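Everything below, folded, please.
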Amino acid sequence: MGSLVGQCAMLVWGCERCCWKGQLCVAIRAFLSVKLNVGKLLCGVPTSHTHKVCMPHNRHMERYDVRQLASLVGACVRAHYQPTELVLPLEIRLTADARRGHLQDSASDVAALATNLSRLRIKPARLWHAVSEAALACLGRAKHADVVALLAAHVRAEAANRKLFDKAVARMTADLRDAQPQDVATLMWALARSGSTCSRSLLRSLNLHFTVRGPEYGVLQLATVAGACAKMGVNDGELRRRLAQRGAEALGEEADALTSTASLGSRLLRQYGLGSTARAAQPVTSRAVAVLVTGLCSMGPAEPELLRAAVDLLTALAAQAAAGGAAAPDAADVEQVAGAVLQAGLTEEHAALRQACSPPHLQDMDAGGKHPGS
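Next up is the predicted model:
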């Protein structure tokens, strides 16, 4: 029987590469009931079997570890196949493992399973309650990345568990100082999306974290944190100052990279992870700039240096778009930034932003919205 289980596992690894739905469905049946001739499965089955998989007995599912189950669900993600026949067996398995204390060292596997389930948009409440119990069982030894992945998965599945979120925040707050910027950004995003609030202890930890890791933040991560703070109604002057200071620097770095003669080399370095860790691997868009600006403005008075840097980056993005290098800044994003710039009394920067980002037929319009001579 052991060799048959191993063959089923190997079949799943193959499905991860090819994502053929027919073979994938039979692999699921093999996981649920080890009664099949796996040698024949490797020869393939008609893809019409995708919609004919019935629910077999699940008494053999305990033979597979959580990592193998996560891999199976991951294959379903890549095949765009929703395995409803796995819902009940997974619920039973996760609940049992959590109660028996079998998951203390399986945080990364439980996080991978939860992430894949959320990507498949599988939302039965009882299954997600079991996922929450499994997450709680392994939270004590989980790494930051696994903790935030578990929270993000619950948010995407619209299944936020208050007990899990409270314990996860306590776990992160205890040693947030040296956490990776992306993990902190994901934590804040998940809290905001779940309707949580930002506690005083978390705010203190965030401020300490930014004294150490602040220079490593890129525009996208800063925008995520600022947007989350705005959604949660955070009003902390020290945190706003730190975010605004690093935000102005990060926006300026991105603008310089776009406008310099070595911009192509800089972007390649960022893409392949060879450049400064402060710059995002993903290209910065006008949406991120707008979220960063409006988020910080909701926390207090706008910092002129931040607004000037935002104008410079949007201007550079518009110039790049005009040269055919990228999409133009979104008009709604430009409006949001322009409003903040004008409200801060930066009239010259406001005019420059309008000139750079307005469609050509509107660039000659005066401040009152009328064409000259009309």
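
which helices and strands does the longest helix seen in the chain pack with?
What stands out as the longest helix in the chain, according to DSSP state H, is helix 237-259. Where contact means 3 or more Cβ pairs under 8 Å, 6 or more residues apart in numbering; DSSP states H and E, helix 237-259 is packed against helix 200-213, helix 219-232, helix 263-271, helix 286-299, helix 304-322. From N, CA and C alone the C-beta is placed, and that goes for glycine too.

now the protein, which segments are flagged as low pLDDT?
Along the chain, segments meeting pLDDT under 70 span 1-62, 261-281, 359-374.

check which helix or strand covers the residue nearest in space to the middle of the chain.
Centroid-nearest residue in the chain, with Cα atoms, centre = their mean: residue 186, separated by 6.1 Å. Element membership of residue 186 [criterion: DSSP states H and E] is helix 181-193.

Do I have it right that the residue nearest to the centre of the chain meets residue 147?
No - assessed by Cβ atoms under 8 Å, residue 186 is found out of contact with residue 147, at 9.3 Å.

where's the longest helix of the chain relative to the chain centroid, distance-wise?
The chain centre lies 21 Å from the centre of helix 237-259; the measure is Cα atoms, centre = their mean, to the nearest Å.

Okay, buried residues for that helix please.
239-244, 246-255, 257-258 (16 or more other Cβ atoms under 10 Å).

which stretch of helix or strand covers residue 123?
Applying DSSP H and E, one finds residue 123 in no helix or strand.

got a list of what the closest residue to it other than its chain neighbours touches?
Distance criterion Cβ to Cβ, 6 or more residues apart in numbering; nearest residue to residue 123, sequence neighbours excluded, is residue 157 at 5.4 Å. By Cβ atoms under 8 Å, 6 or more residues apart in numbering, the residues touching residue 157 are 117, 118, 121, 122, 123, 128.

measure the fourth one to residue 86 for me?
Spelled out, it's residue 122. As judged by Cβ to Cβ, to the nearest Å, residue 122 and residue 86 stand 8 Å apart.

Of the two, give the one with the bigger neighbour count.
Using other Cβ atoms under 10 Å, the more surrounded residue of residue 122 and residue 86 is residue 86, with 25 against 21.

and that one, how far is that from residue 72?
Taken as Cβ to Cβ, the span from residue 86 to residue 72 is 8 Å.
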